[in-house]
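Novice: Sequence first, then the predicted structure:
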Amino acid sequence: MSDEEIDYESPLPPYRQIADVIIGEIERGELSPNRPIPSEATMIQRWGVARDTARRAVRYLREQGYAYTVPQRGTYVADRS
């Protein structure tokens with residue numbers, strides 16, 4: 001499976017698969033601290049998922065400490081150093 005495909009046969013739910021791809025991009029330095037993560041619209045387009053799935057991915061990233069949200073601004077990569 002490529003990073004651009006959701007594996008619906010996987011025991012891992014789609015929102016986790018998306019979050020894991022984004023976490024990988026953060027850990028490889030492709031997404032820098034305090035820079036925006038992909039928007040919900042971008043996730044919907046990139047993976048062909050529903051808005052709720054994209055929102056769950058963002059919520060998971062926040063819960064795991066990989067992202068933070070600034071109201072009316074967006075969601076950004078957290079500085080984990």
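Specialist: Looks like it arrived, so ask away. The model shown is predicted, which means the values in this text are computed figures rather than measured ones.

Novice: What distance do you get for the residue nearest in space to the middle of the chain to Ala54?
Specialist: Of all residues in the chain, the one closest to the mean position by Cα atoms, centre = their mean is Ala19, 4.0 Å from it. As judged by Cβ to Cβ, to the nearest Å, Ala19 and Ala54 stand 10 Å apart. Using the backbone N, CA and C atoms, a C-beta is placed for each residue, glycine as well.

Novice: Quick check: which ranges of the protein have low pLDDT?
Specialist: In the predicted model, the chain carries pLDDT under 70 at residues 1-3.

Novice: One more pass at 90, please.
Specialist: Low-confidence segments of the chain, defined by pLDDT under 90, are located at 1-5, 80-81.

Novice: what about the helices in it?
Specialist: Under the criterion DSSP state H, the chain contains helices at 14-27, 40-47, 51-63.

Novice: Output these as JSON lines; include the columns distance to Asp7.
Specialist: Rendered in JSON lines, the data for those read as follows (distance: least, Cβ to Cβ, whole Å):
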{"stretch": "helix 14-27", "distance to Asp7": "7"}
{"stretch": "helix 40-47", "distance to Asp7": "11"}
{"stretch": "helix 51-63", "distance to Asp7": "14"}
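
Novice: and Arg80, which of those is closest to it?
Specialist: Go through the helices of the chain one by one with Cβ to Cβ and the one that ends up closest to Arg80 is helix 14-27, at 8.0 Å.

Novice: And that closest one, what does it pack against?
Specialist: Helices and strands touching helix 14-27, by 3 or more Cβ pairs under 8 Å, 6 or more residues apart in numbering; DSSP states H and E, are helix 40-47, helix 51-63.
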